[in-house]
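**Student:** Following is a predicted model, sequence given first.
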Amino acid sequence: MDDQNKNLILATALSFLVILVWFVLFPPPEPEQPLVSETADLTAPAGGEASVPQTVDDLAATGTSTEPEAPTGTDAPRVPIETDRLTGSISLLGGRIDDLSLKDYKVSLDEGADIVRMLTPVGQAGAYYALYGWAPGGGLSSDAVPGPNTIWSVADGETLTPDTPLTLQWTNDSGLTFSRQIAVDDDYMFTVTQSVTNTGSKTVNIAPYSVLARHGLPEGSTNIWIVHEGAVQFAQGEYLETDWDDFSSFAERDTEAGRQARWAGFTDHYWQTILVAPDGIDTRVETFYDANRDIYQTTSQQQTQSIAPGQDVSITSQVFAGAKEWEAIRAYEQTGIETFIDSIDWGWFFFLTKPIFWLLHEINKIIGNMGWAIICLTLIIKAVLFPLAYKSYVSMAKMKELQPQMEALKEKAGDDRQKLQQGMMELYKKERVNPAAGCLPILLQIPIFFSLYKVIFVTIELRHAPWFGPFQDLSAPDPTSIINLWGLLPFAGPEPGSIMALLFIGILPLLLGISMWLQQKLNPAPTDPTQQMIFAWMPWVFMFMLGSFASGLVVYWIANNVITFTQQYMIMRSQGYKPDLLGNIKSGFKKRSATDGK
């Protein structure tokens with residue numbers, strides 16, 4: 001077997017092995033489910049301490065209500081939230097931001113599907129909400145500060161919109177007036193300004209805090225390595241991730257071990273809720289899981305404020321609750337929220353996934369179609385790699401020219417492999433040929449392929465992104481099937497992701513196999529039987545392996561094969577070699593017929 005074929009088979013085997021391992025470790029995602037889960041209602045224990053609450057139940061115990069029994073999260077008075085992108089309401093019970101849905105996103109492509117719900121009140125399945133408050137200190141009782149069971153009054157605003165903020169107010173019996181102004185922008189950021197005015201006769205010490213609480217995990221959680229779901233935070237100059245099953249337990253937590261954080265919260269596949277601390281103010285964040293109540297919680301606490309009689313204090317923080325859109329999150333980062341773009345899981349190849357997504361996003365802004373944008377991205381990537389591909393194909397052409405001399409060296413060396421290797425190295429050096437050059441274009445495609453897979457799977461811009469015809473979600477597998485002639489017959493094909501869908505492949509995997517097969521036919525079939533077998537099966541194995549991958553990734557691979565075919569054909573012609581494509585195809589069928597005849 002000559003070195004050219006050895007290198008080609010080595011590169012092919014490596015590509016096959018890496019993709020096989022990837023397919024086993026990172027199977028296609030399950031069908032997406034709504035963001036809800038079953039859990040018990042919140043109940044408050046008797047009593048409570050005058051300190052920063054450590055669980056949601058402790059929070060309920062520190063508050064004060066104007067009624068003997070506070071209403072639940074579902075029947076408390078509410079103020080509507082209405083923007084171009086959000087709809088929901090704020091509960092006057094604790095002033096909670098606990099009811100929020102995203103107008104731009106639906107849970108599925110089915111007709112009449114519900115819009116995605118981000119936050120849910122206590123009392124409903126999958127309660128998920130943000131709380132704000134003040135922790136009393138210096139002898140101040142818990143009754144002197146508003147808590148999650150406090151019923152606030154509306155001082156200003158009937159509906160929370162980008163143009164009309166909402167102001168809530170509550171006054172205790174000791175001369176402290178608490179105000180909370182909540183504003184929302186055109187995207188997903190809420191700005192919460194907490195104020196305290198001391199009209200009493202004593203200095204008070206209180207510390208502002210904010211809490212994210214989630215009852216149970218969301219249904220449809222992917223729970224695979226390709227995308228992080230759980231807690232995220234940027235603390236002490238370091239970005240940190242914690243999977244749901246790695247949370248510190250409530251019973252074993254270290255209350256003094258909280259980190260100074262700029263932002264922290266919870267992230268799902270496509271959605272996240274993040275507490276953003278006031279800029280320039282020390283903020284300690286603690287994240288833990290209370291297994292007894294099945295509550296995940298992140299608490300953000302600012303430094304204690306000392307308020308003398310006649311003084312007032314205001315603290316402004318933010319909470320992001322919405323889709324992980326690159327453009328929106330980048331805009332928030334540019335306004336001062338450091339490394340906020342890293343709340344999107346870019347993975348180990350972030351140095352490739354970030355620029356690849358940026359380029360894809362910019363192309364899509366021009367074209368307006370993600371399918372064609374992926375094809376244009378492929379053209380750009382191939383253009384950037386063309387100088388390397390050119391050198392590779394030229395090197396392969398020179399290797400063909402050296403075949404007679406290499407055969408002579410083999411005959412001269414006989415069974416002395418060391419002498420043969422030494423002679424070949426001298427020949428390569430003399431003719432300035434790099435036998436490994438043919439592998440480089442294939443090897444470089446591997447990290448690019450993985451990075452693009454990450455981009456397509458993780459970024460919300462590819463979720464439900466249509467191309468044309470039946471391809472209405474480029475983040476999902478090809479929905480067509482040979483069973484219904486790829487949509488021409490009036491009945492549905494197998495469920496995407498099922499074994500039947502894998503066996504009865506769609507049109508895109510079929511085109512992938514054909515494009516790989518045609519690319520092989522630019523060269524005559526190798527004479528070695530083992531090589532012949534590998535090359536004969538490789539396109540069709542890849543066809544079935546990639547059939548259940550995201551259709552956007554298969555579009556990229558098809559485009560890559562077509563462009564590579566064109567480049568290789570042109571380079572071969574420029575080197576004086578005219579590929580006999582039709583002859584190689586006929587030769588392959590003749591050899592197969594001859595083998596069948598025997």
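**Tutor:** All right, it came through fine.
**Student:** The stretch 201-350 of the chain: helices as residue ranges?
**Tutor:** For the stretch 201-350 of the chain, the helices defined by DSSP state H, counting those that start in this stretch occupy 326-334, 350-367.
**Student:** Domain ranges for this structure, per the record?
**Tutor:** 56-326+339-345, 360-597 (automatic domain parsing).
**Student:** The first one: how far from the chain's middle?
**Tutor:** With CA atoms, centre = their mean, to the nearest Å as the basis, domain 56-326+339-345 stands 23 Å off its chain's centre.
**Student:** mean confidence score for that domain?
**Tutor:** Mean pLDDT, domain 56-326+339-345: 88.
**Student:** Equivalent analysis for the shortest one, please.
**Tutor:** Here the mean pLDDT over domain 360-597 is 81, rounded to a whole number.
**Student:** what's near enough to touch Trp120?
**Tutor:** Careful, residue 120 is Thr and not Trp. 36, 98-99, 126-129 (CB atoms under 8 Å, 6 or more residues apart in numbering). C-beta here means a position set from N, CA and C on the backbone, and glycine is covered the same way.
**Student:** what bridges to it?
**Tutor:** Beta-bridge pairing for Thr120 (DSSP bridges): Tyr128.
**Student:** The most far-flung residue of the chain relative to its centre is in what secondary structure piece?
**Tutor:** Distance to the chain centre peaks in the chain at Lys412, reaching 58.1 Å (criterion: CA atoms, centre = their mean). Using DSSP states H and E, Lys412 maps to helix 403-413.
**Student:** could you dump the contacts of Thr120 to CSV with neighbour count?
**Tutor:** Listed next are the contacts of Thr120 as CSV, based on neighbours: other CB atoms under 10 Å:
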residue, neighbour count
Val36, 18
Asp98, 27
Asp99, 23
Gly126, 19
Ala127, 25
Tyr128, 28
Tyr129, 27
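**Student:** now the residues you listed as a markdown table including distance to Leu511?
**Tutor:** Below are the contacts of Thr120 laid out as a markdown table (distance: CB to CB, whole Å):
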| residue | distance to Leu511 |
| --- | --- |
| Val36 | 39 |
| Asp98 | 48 |
| Asp99 | 46 |
| Gly126 | 41 |
| Ala127 | 47 |
| Tyr128 | 43 |
| Tyr129 | 48 |
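**Student:** Nearest to Tyr105, out of these: which one, please.
**Tutor:** Ranked by distance to Tyr105 (CB to CB), the contacts of Thr120 are led by Val36 at 14.7 Å.
**Student:** thinking again about what came up before, can you lay out the helices of the stretch 201-350 of the chain as a markdown table showing mean neighbour count?
**Tutor:** Shown next, in a markdown table, are the helices of the stretch 201-350 of the chain (neighbours: other CB under 10 Å):
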| stretch | mean neighbour count |
| --- | --- |
| helix 326-334 | 16 |
| helix 350-367 | 16 |
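**Student:** Redo those helices as TSV? Include distance to Pro494.
**Tutor:** Converted to TSV, the helices of the stretch 201-350 of the chain look like this (distance: least, CB to CB, whole Å):
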stretch	distance to Pro494
helix 326-334	33
helix 350-367	30
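**Student:** Val107 versus Thr273, what's the distance?
**Tutor:** Distance of Thr273 to Val107, given as CB to CB, to the nearest Å: 17 Å.
**Student:** Could you do Val554 as well?
**Tutor:** 25 Å.
**Student:** repeat for Gln532
**Tutor:** 50 Å.
**Student:** okay, which residue is most central for this protein?
**Tutor:** Nearest residue to the geometric centre of the chain (CA atoms, centre = their mean): Val458, 2.6 Å.
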